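[1] Generate coordinates for the sequence data below:
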Amino acid sequence: MKKKTVCKAASIPGETRVWQYVALTKRIYLIDCPGVVYDIGDTDSDKVLKSVIRAEKIQDPSLHIPAILEKADKKYLQQTYGVDDWTDYEDFIGKVAIKYGKILKVI
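    As a prediction, the model looks like this:
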């Protein structure tokens, strides 16, 4: 709108910490505020799925895989990762790892 940089912005969560006011005219202001607002009752997996927590700060990412598999549509996961079917999240991760050559097939 201003055609120049007027406030700090980033695509990663936690960059905007306070409200920033940008004057568009004398009487009209644009307010930039933290983009992700989460509920106090959200679980850690909910916060991860909403990108409230930076990926590099997640202690154990494998804990959140079941929540992702539960929320994502199975056909899209099959298309994206090229995995036909799985029984649980460990089976899914194993098949994806085999598909991408991270581990060898078990005979």
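
[2] Report the contact partners of Met68.
    That one is not Met; residue 68 is Ile. Leu49 (Cβ atoms under 8 Å, 6 or more residues apart in numbering). Quick note: C-beta positions are derived from backbone N, CA and C, even for glycine.

[3] low-confidence ranges in the chain?
    1-17, 34-38, 105-107 (pLDDT under 70).

[4] quick one, strands of it?
    With DSSP state E as the criterion, the chain has strands at 20-23, 29-32.

[5] Centre of the chain to the last one, how far?
    Relative to its chain's centre, strand 29-32 lies at 25 Å (Cα atoms, centre = their mean, to the nearest Å).

[6] Need the outlier residue of the protein, farthest from its centre.
    Lys26 (37.6 Å; Cα atoms, centre = their mean).

[7] What's the separation between that residue and Asp32?
    Using Cβ to Cβ, to the nearest Å, Lys26 is found at 19 Å from Asp32.

[8] biggest helix in the chain by residues?
    helix 89-99 (DSSP state H).

[9] elements contacting that one?
    helix 65-71, helix 74-81 (3 or more Cβ pairs under 8 Å, 6 or more residues apart in numbering; DSSP states H and E).

[10] The same query, at a cut-off of 7 Å, please.
    Helices and strands touching helix 89-99, by 3 or more Cβ pairs under 7 Å, 6 or more residues apart in numbering; DSSP states H and E, are helix 65-71.

[11] All set, thanks.
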